[in-house]
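>>> coordinates for the following, if possible.
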Amino acid sequence: MDYHKPVLFDEVIENIVTNKEGVYLDCTLGGAGHTQGILENTSEKGVVIAIDQDDDAIEFAEKKLENYKERIKIFKDNFKNLDTVLYMAGYEKVSGILMDIGVSSYQLDDPERGFSYKYEAKLDMRMNKNAKISAYEVINEFSEQEIADILYKYGEEPKSRRIARKITEARKEKKIETTTELADIVIRAIGKSMKRHPAKRTFQAVRMYVNQELEVLEEALEKAVELLEDRGRLLVITFHSLEDRIVKNKFREFEKPCKCPPNIPICVCGKESLGKVITKKPIVAGELELNDNSRAHSAKLRVFERRA
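Residues are numbered from 1 along each chain as shown. Okay, here's the model as predicted:
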């Protein structure tokens, strides 16, 4: 098993570790690269609480972090429940929270998980293998309109209706069971492209819907900002515009929550700033990392600092 090298590693550690003896929450444990970095850059009193809903990731991380077992607590859960996890771990506030959003390279590259159009596998795309709805149900049971809406909302696919029509036509002949079958249907619907695989947006959209990634992110951000101690930091890494837009807008809202009309000289809504946006523009990978890690090309890191 080989997990991806964590993106923006140095930038994350530099921005998140503000208290060497602090408690930190890694909402997306994955291959534990960022978690290990936090542990290595904090004192013996520093603690990391980590969350993941993937059994494979947790098993891998437990072995990798064996030397830090006294300072790490791992919970199997969806990170939207970070407040409950923190309570179960015995803490009220933390010095820093990290969210590395999206699917890991390991999940993408594991044919059995059915995330990628590159490998033939059963349609699945669930990050939590126990989740009820998989890509198979979406593609074979949802209506043409529902599929079109999913492709447009989560994949920003301009040809969503054409693809949805082809999918519903194809499944009348037989169930669409594999990733390659779905990819071929998309190609037949919209043709091939020189720039990107024509099924890229479709697969992204179905995966994000199955895992409710945008909804989970919004809920987690709202909870996270309330769990930070004074000067504690919230770091979020995103990989495409839909997620980055949510993070950017939420951070702005946290910094300037006032809803009063601009022509009113005094705030009457009573909403007070929760802190400060540290990154006016997102942090992106440098040339060295881009050459070494292809996954870093679309990565954006935004940082918010809580002010109590």
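
>>> any idea which element the nearest residue to residue 223 once chain neighbours are set aside lies in?
Leaving aside its chain neighbours, residue 223 sits nearest to residue 83 (4.8 Å; criterion: CB to CB, 6 or more residues apart in numbering). For glycine as for every other residue, the C-beta is placed from the backbone atoms N, C-alpha and C. Using DSSP states H and E, residue 83 sits in helix 82-89.

>>> with residue 302 instead?
For residue 302, the host element (DSSP H and E) is strand 300-306.

>>> quick one on the thing from earlier: ok, then the element right after the helix holding residue 83?
Using DSSP H and E, the next helix or strand after helix 82-89 towards the C-terminus is strand 94-100.

>>> got the angle for that next one vs strand 300-306?
Angle between the axes of strand 94-100 and strand 300-306 is 160 degrees (criterion: axes from the mean of the first three to the mean of the last three CA atoms, to 10 degrees).

>>> contacts for strand 94-100, please.
Strand 94-100 is contacted by residues 6-7, 12, 16-19, 22-28, 30, 34, 38, 49, 79, 82, 86, 217, 220-221, 224, 227-229, 232-237 when judged by CB atoms under 8 Å, 6 or more residues apart in numbering.

>>> show me which of those are buried.
Using 16 or more other CB atoms under 10 Å as the burial test, the contacts of strand 94-100 include 6-7, 12, 16-17, 19, 22-28, 30, 34, 38, 49, 79, 82, 86, 217, 220-221, 224, 227-229, 232-237 as buried.

>>> just the ones of those in helices?
Using DSSP state H, 12, 16, 34, 38, 82, 86, 217, 220-221, 224 are the members of the buried ones among the contacts of strand 94-100 that sit in helices.

>>> export those residues as CSV, with columns for distance to residue 144 and pLDDT.
Formatted as CSV, those follow (distance: CB to CB, whole Å; pLDDT from 0 to 100):
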residue, distance to residue 144, pLDDT
12, 42, 98
16, 45, 98
34, 41, 97
38, 46, 98
82, 37, 98
86, 42, 98
217, 28, 97
220, 32, 98
221, 33, 98
224, 37, 98
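
>>> tell me the one among these nearest to residue 182.
Distance ranking of these against residue 182, using CB to CB, places residue 217 first at 24.9 Å.

>>> run through the residues that contact the nearest residue to that closest one once chain neighbours are set aside.
Excluding its sequence neighbours, the residue lying closest to residue 217 (CB to CB, 6+ apart) is residue 246, at 5.7 Å. Residue 246 sits next to 214, 217-218, 221 when contact means CB under 8 Å, 6+ apart.

>>> downstream of the strand or helix carrying residue 246, the next helix or strand is which one?
According to DSSP H and E, residue 246 maps onto helix 241-255. Downstream of helix 241-255, the next assigned helix or strand under DSSP H and E is strand 275-277.

>>> off-centre distance for the next helix or strand after that following strand?
On the C-terminal side of strand 275-277, the closest following helix or strand by DSSP H and E is helix 287-292. Distance of helix 287-292 from its chain centroid, counting by CA atoms, centre = their mean, to the nearest Å, is 22 Å.

>>> let me know the pLDDT of residue 258.
In the prediction, the pLDDT value recorded for residue 258 is 86.

>>> oh sorry, the question was meant for residue 128
85.

>>> number of nearby residues for residue 159?
18 (other CB atoms under 10 Å).

>>> and the lengthiest strand in the chain, how far from the chain's centre?
Criterion DSSP state E: the longest strand present in the chain is strand 228-238. Offset of strand 228-238 from its chain centre (CA atoms, centre = their mean): 15 Å.

>>> I'd like the numbering to begin with 16 instead of 1 from here.
In the new count, where the first residue is 16, that last one comes out as strand 243-253.

>>> relative to strand 315-321, how tilted is it?
Following the same axes, to 10 degrees, one obtains 170 degrees for the angle between strand 243-253 and strand 315-321.

>>> partner strands of strand 243-253, with direction?
Next to strand 243-253 in the sheet, as set by DSSP bridges, lie strand 109-115 (parallel), strand 315-321 (antiparallel).

>>> what's the burial count for the closest residue to residue 271 other than its chain neighbours?
Once flanking residues are discounted, residue 271 sits nearest to residue 288: 6.4 Å by CB to CB, 6+ apart. Applying other CB under 10 Å, we find 11 residues neighbouring residue 288.

>>> per-residue pLDDT, residue 288?
So, for residue 288, pLDDT stands at 94.

>>> distance of it relative to residue 179?
Here the distance between residue 288 and residue 179 works out to 43 Å (CB to CB, to the nearest Å).

>>> quick revisit: now the residue nearest to residue 271: phi and psi?
When quoted as degrees, to the nearest 10, the phi and psi of residue 288 stand at phi -60, psi 140.

>>> quick one: it and residue 267 touch, right?
No: counting by CB atoms under 8 Å, residue 288 stays clear of residue 267, with 10.8 Å between them.
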